[in-house]
Each structure stands twice: as C-alpha cells, then as structure tokens.
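Peer 1: I need the structure of the sequence given here:
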Amino acid sequence: MAIIYILIIILFSAVIHEYMHGWMADRLGDPTARDAGRLTLNPLAHIDWWGSVLMPLFLFFGTNGALAFGYAKPVPFNPYNLRDQKYGIAKVAVAGPLANLITALFFGLVLRFFPGLSLAMASLIAAIVQINLVLMIFNLLPIPPLDGAKVLLPFLPYDWQRTLSQLEHYGFMFVLLFALFGFSLIVPLINFLFRLIVGM
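Peer 2: From the prediction side, this is the model:
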C-alpha cells in the first residue's frame, strides 16, 4: 500500500508544480496553458502515464524502495507571448520548484508544530515534505529540459544558450541517467532541508 500513497503524493505534487508554471506564464502574458485547459489542479488534465505512474513504479521497485520520482505532463507555453522577454522563461521555470518548496514548508511546519500526530499521519506528512523537496531540488538541476537549465538560460552567453537548447533533444536520457546513477549526490541536501524544516 505504501507505493499507492507515494504515487498519489507524487502525482499531486507534480500537478501543483505544473499548474504553477502555467499560472506564472499566464500572469506574464501567455495564455497558452489556460487555452489548453491546463490551468487547473485537476490531475486528469496533467497526468502522464509514463512520468506519473510507470516511471515512479520502475524506480521504486528497481531501487528496492530507495527512490520514487515522477513528473506530470509539461504545461505548454509560448515564450514569445511573455511580456518579459529576457527573464520571463526563468520566472516561469522557477515557479514550479517554488511551489514544491512552499508545499514542503507548509506540511513540514505542520509536522514540526503538531507533535501529537499519529504515526501514520506523521509518516504521510513526512513523505509529502520529502517528495516535494526531491521535486524541487531535482528540477532545479541545470540539466535540460529541467527547470534549472531554463532558470540559468538568460544569464548565459548566447553561444552557451544555444548549446544548452540543443542538448534538450537528449534531455530525457540525461535526466533518467542522473535519476539512476547520480541521485545520491543530492540526497544529503534533501535530508538537510528536511531536517531543517521539520526541526529534527
């Protein structure tokens, strides 16, 4: 049953992440997500069967429960519609990880200031905090097509921007390789932030 709860948390955390990308783009002048019916928290509008269900299952069982990670269907947006043509892409990109941070902070503070919670409820809330921290940190990695690469893009010289954009064609392979073989590099940061938020 644990994997079912983890899948539900991953799905809703990823939905919040993608919704905020669309919300920020809409605020900055691009209605693409709204016109596509993606400016909603309804998970049915965002679910990606591979990224939201199959990949988390594959990673969970492939790593003996050590890793469960997933994503929702990316929200479409047109960068040419953004009023801020220089930093607009970065603002849209950072909105998703920021939403995961706020979610982690909210539930982490619940865990911190309500010590009388049952073990089952505390474990569920801890999972919400941890999964949202994973989504935040993982997505901020400067690996295209992750958000971190898009946040970094406006601050790079033009030639580097072009190279980073070209690498996006191979992005899924880089992301999967990092998830399988490089994830341990960010585990200490995830654990540190978890302890900092919940006060352990």
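Peer 1: Lowest average confidence across helices and strands of the chain, where is it?
Peer 2: Within the chain, no helix or strand scores below helix 55-62, which has a mean of 75 by mean pLDDT, DSSP states H and E.
Peer 1: And the contacts of that one?
Peer 2: Outside helix 55-62, the residues that touch it by C-beta atoms under 8 Å, 6 or more residues apart in numbering are 3, 6, 7, 10, 67, 68, 69, 70, 71, 179, 180. All C-beta spots, glycine's among them, are computed from the backbone N, C-alpha and C.
Peer 1: which element is the residue located most distally from the centre of the chain on?
Peer 2: Ranked by distance from the centre of the chain (C-alpha atoms, centre = their mean), the top residue is residue 116, with 29.9 Å. Secondary structure assignment for residue 116, by DSSP states H and E: no helix or strand.
Peer 1: OK, contacts around the most centrally placed residue in the chain?
Peer 2: Centroid-nearest residue in the chain, with C-alpha atoms, centre = their mean: residue 135, separated by 3.7 Å. Applying C-beta under 8 Å, 6+ apart to residue 135 gives the contacts 10, 13, 14, 17, 69, 97, 100.
Peer 1: Buried residues of the helix or strand that comes right after the least confident helix or strand of the chain, list them for me.
Peer 2: Going down the chain from helix 55-62, the next helix or strand is helix 88-113, by DSSP H and E. Across helix 88-113, burial judged by 16 or more other C-beta atoms under 10 Å covers 88-101, 103-104, 107-108, 110-111.
Peer 1: Give me the nearest residue to the residue nearest to the centre of the chain, chain neighbours excluded.
Peer 2: Leaving aside its chain neighbours, residue 135 sits nearest to residue 100 (4.6 Å; criterion: C-beta to C-beta, 6 or more residues apart in numbering).
Peer 1: Check residue 83 too.
Peer 2: Spatial nearest neighbour of residue 83, chain neighbours left out: residue 29 (4.3 Å); criterion: C-beta to C-beta, 6+ apart.
Peer 1: how close does that neighbour sit to residue 5?
Peer 2: Residue 29 sits 38 Å away from residue 5, taking C-beta to C-beta, to the nearest Å as the criterion.
Peer 1: Flag the shaky bits of the protein, pLDDT-wise.
Peer 2: For the chain, the stretches flagged by pLDDT under 70 are 1, 63, 65-68.
Peer 1: hang on, isn't residue 124 packed against residue 5?
Peer 2: Yes - counting by C-beta atoms under 8 Å, residue 124 does reach residue 5; the two are 6.6 Å apart.
Peer 1: which of the contacts of residue 135 tops the neighbour count?
Peer 2: Neighbours here mean other C-beta atoms under 10 Å. Within the contacts of residue 135, the largest count is held by residue 14, at 28 neighbours.
Peer 1: which element is the residue nearest to the centre of the chain on?
Peer 2: Residue 135 belongs to helix 119-139, assigned by DSSP H and E.
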